[in-house]
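In: predicted structure and sequence below. I'll ask about it afterward.
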Amino acid sequence: MSETSISYMISCKTLFGIVALIFDYM
């Protein structure tokens with residue numbers, strides 16, 4: 001369960017990171 005939670009957090013951080021890069025690029 002902990003591993004799944006950590007993986008989910010990493011996915012969210014990556015997703016937010018991509019969104020931030022897109023907005024920064026715009």
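Out: Looks like it came in fine. Residues are numbered from 1 along each chain as shown.
In: which residues of the protein fall in helices?
Out: All helices of the chain, identified by DSSP state H, fall at 2-25.
In: residue ranges with poor pLDDT in it?
Out: Residue ranges of the chain with pLDDT under 70: 1.
In: at 90 what do you get?
Out: Along the chain, segments meeting pLDDT under 90 span 1-7, 24-26.
In: export stretch 9-26 as PDB, just CAs?
Out: This file holds the C-alpha atoms of stretch 9-26, laid out as PDB (Å, rounded to 0.1, in the frame of the first residue of the first chain):
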ATOM      1  CA  MET A   9       2.600  10.900  -5.400                       C
ATOM      2  CA  ILE A  10       5.400  10.600  -8.000                       C
ATOM      3  CA  SER A  11       2.900  10.500 -10.800                       C
ATOM      4  CA  CYS A  12       1.100  13.600  -9.500                       C
ATOM      5  CA  LYS A  13       4.400  15.500  -9.100                       C
ATOM      6  CA  THR A  14       5.400  14.500 -12.600                       C
ATOM      7  CA  LEU A  15       2.000  15.500 -14.000                       C
ATOM      8  CA  PHE A  16       2.100  18.900 -12.200                       C
ATOM      9  CA  GLY A  17       5.700  19.400 -13.300                       C
ATOM     10  CA  ILE A  18       4.700  18.900 -17.000                       C
ATOM     11  CA  VAL A  19       1.800  21.300 -16.600                       C
ATOM     12  CA  ALA A  20       4.100  23.800 -15.000                       C
ATOM     13  CA  LEU A  21       6.600  23.500 -17.900                       C
ATOM     14  CA  ILE A  22       3.800  24.000 -20.400                       C
ATOM     15  CA  PHE A  23       2.500  27.100 -18.600                       C
ATOM     16  CA  ASP A  24       6.000  28.400 -18.200                       C
ATOM     17  CA  TYR A  25       6.700  27.800 -21.900                       C
ATOM     18  CA  MET A  26       3.500  29.700 -22.900                       C
END
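In: right, I'll leave it there.
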